[in-house]
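>>> got a sequence here, can you build the structure:
(one chain, ligands or ions: 1)
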Amino acid sequence: MKIVNSIEKLKTGLAQEKREGRSIGFVPTMGALHDGHLSLVKQCIEGNDVCVVSIFVNPTQFNDKNDLATYPRTLESDCALLEKAGCDYVFTPPEAEMYPVPDTRRFDFGTLSEVMEGAYRPGHFNGVAQIVSKLFDAVEPDRAYFGEKDFQQIAVVRAMTKQLELAVQIVACPILREEDGLAMSSRNVRLTPGQRQKAPLIARTLKESTNFVPGKSVKEIVGHVVHTINNEPQMRVEYFEIVDGNTLEPIENWADTTYPVGCIVVYCGDVRLIDNIKY
Ligand code: PAF
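Okay, here's the model as predicted:
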């Protein structure tokens, strides 16, 4: 496995692979890798000749300085995991490599980037689009792999790919969960043991809520989920919305879409957890 930290070295290595006719798969990450990331890497390896993983904690997508400062950074163990998984290239650029000058681009994805995460984390998706477009430019992958835990991010990345007319295929991969249902996330390590014990309530409540569909209305389901989670003293729902999975527009009736998805963010103490479920 090659570890490279400059775009030039990465491009040189990958140009050779491409000349020899190999397909390139890409998994962008911010490190602190867990089994969820490794499932993306596995899919990437299975579907391509060459697997590239990037590790870069992207400052432009954080709208909270403290979140950026406390984001877990575990480069050495990440590289060991990737080597074991069979990754071919790890791209670990320093900040100056990705942002030699400030990126002033402003993307417009309409509703896709304005609702939910877009409303609660202003500028977040603009930062995601900035870094993902730069990474796609560096790697020029045939396929790129994203986890469905960040459901809205996939919609935004697809829109960006279309806007920039990039040839990369975006592959959405299912959420990986701990045995007790908690969606795997790099932020889970920040939970205290007590919070970690409570956190599976999110996935449990979402799953349970699917049993009441279509008998109960969208509004009743939303109320039930929010009430059940907020009843737990350490937890606070930031938002829970049931949306059309393609447009991300909130729905009022089940008949409004054939693809209803419930998207939730919950603060467990000061740790922000995200999850979603298809109805
Ligand atoms: O999902 C993430 O980890 C990040 O948003 C991504 C796609 C690596 C961009 O920084």
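
>>> what does the chain have sitting close to the ligand?
Contacts of the chain with the ligand, taken as CB under 6 Å from any ligand atom, map to 28-30, 58, 61, 128, 131-132, 150, 153. C-betas here are computed from N, CA, C, even on glycine.

>>> out of these, which one sits closest to residue 277?
Closest to residue 277 out of the residues of the chain next to the ligand is residue 150 (14.1 Å), distances taken as CB to CB.

>>> enumerate every residue touching the closest residue to that closest one other than its chain neighbours.
Spatial nearest neighbour of residue 150, chain neighbours left out: residue 274 (6.7 Å); criterion: CB to CB, 6 or more residues apart in numbering. Applying CB atoms under 8 Å, 6 or more residues apart in numbering to residue 274 gives the contacts 117, 149-150, 183, 185, 263-265.

>>> apply 7 Å and report the result again.
Taking CB atoms under 7 Å, 6 or more residues apart in numbering, we find residue 274 in contact with 149-150, 265.

>>> which of the residues of the chain next to the ligand tops the neighbour count?
In terms of neighbours by other CB atoms under 10 Å, the residues of the chain next to the ligand top out with residue 132 at 27 neighbours.

>>> how many other residues sit next to the closest residue in space to residue 103 that isn't next to it in sequence?
In space, residue 103 comes closest to residue 130 once its chain neighbours are excluded; the distance is 4.6 Å by CB to CB, 6+ apart. Number of residues near residue 130 (other CB under 10 Å) recorded here: 23.

>>> in the helix or strand hosting residue 130, what's buried?
Counting by DSSP states H and E, the element that carries residue 130 is helix 124-139. For helix 124-139, a neighbour-count test (16 or more other CB atoms under 10 Å) marks 124-136, 138-139 as buried.

>>> likewise for stretch 167-187?
Buried residues in stretch 167-187, counting neighbours by 16+ other CB under 10 Å, are found at 168, 170-171, 173, 175-178, 181-187.

>>> cool, and stretch 79-92?
Buried residues in stretch 79-92 (16+ other CB under 10 Å): 79, 81-82, 85, 87-92.

>>> how far out from the middle of the chain is the one helix or strand in the chain whose mean pLDDT sits lowest?
None of the helices or strands of the chain scores lower by mean pLDDT, DSSP states H and E than helix 65-70, at a mean of 91. The chain centre lies 17 Å from the centre of helix 65-70; the measure is CA atoms, centre = their mean, to the nearest Å.

>>> tell me which other helices or strands that helix touches.
Using 3 or more CB pairs under 7 Å, 6 or more residues apart in numbering; DSSP states H and E as the contact test, no helix or strand touches helix 65-70.

>>> who touches that helix?
Under the criterion CB under 7 Å, 6+ apart, residues 59, 62, 190 lie in contact with helix 65-70.

>>> all strands of the protein, in order?
In the chain, the strands defined using DSSP state E lie at 2-4, 24-29, 50-55, 89-91, 143-147, 169-173, 235-244, 260-268, 271-278.

>>> average model confidence for the first one?
So the one you mean is strand 2-4. For strand 2-4, mean pLDDT rounds to 98.

>>> partner strands of it, parallel or antiparallel?
Using DSSP bridges, the strands paired with strand 2-4 in its sheet are strand 89-91 (parallel).

>>> roughly how far does residue 262 sit from residue 8?
Residue 262 sits 44 Å away from residue 8, going by CB to CB, to the nearest Å.

>>> more neighbours: which of the two?
A direct count of neighbours by other CB under 10 Å for residue 262 and residue 8 places residue 262 higher, at 24 against 10.

>>> and the more buried one, what are its bridge partners?
residue 242, residue 277.

>>> what sits against it?
Taking CB under 7 Å, 6+ apart as the test, what residue 262 contacts is 206, 240, 242, 276-277, 279.
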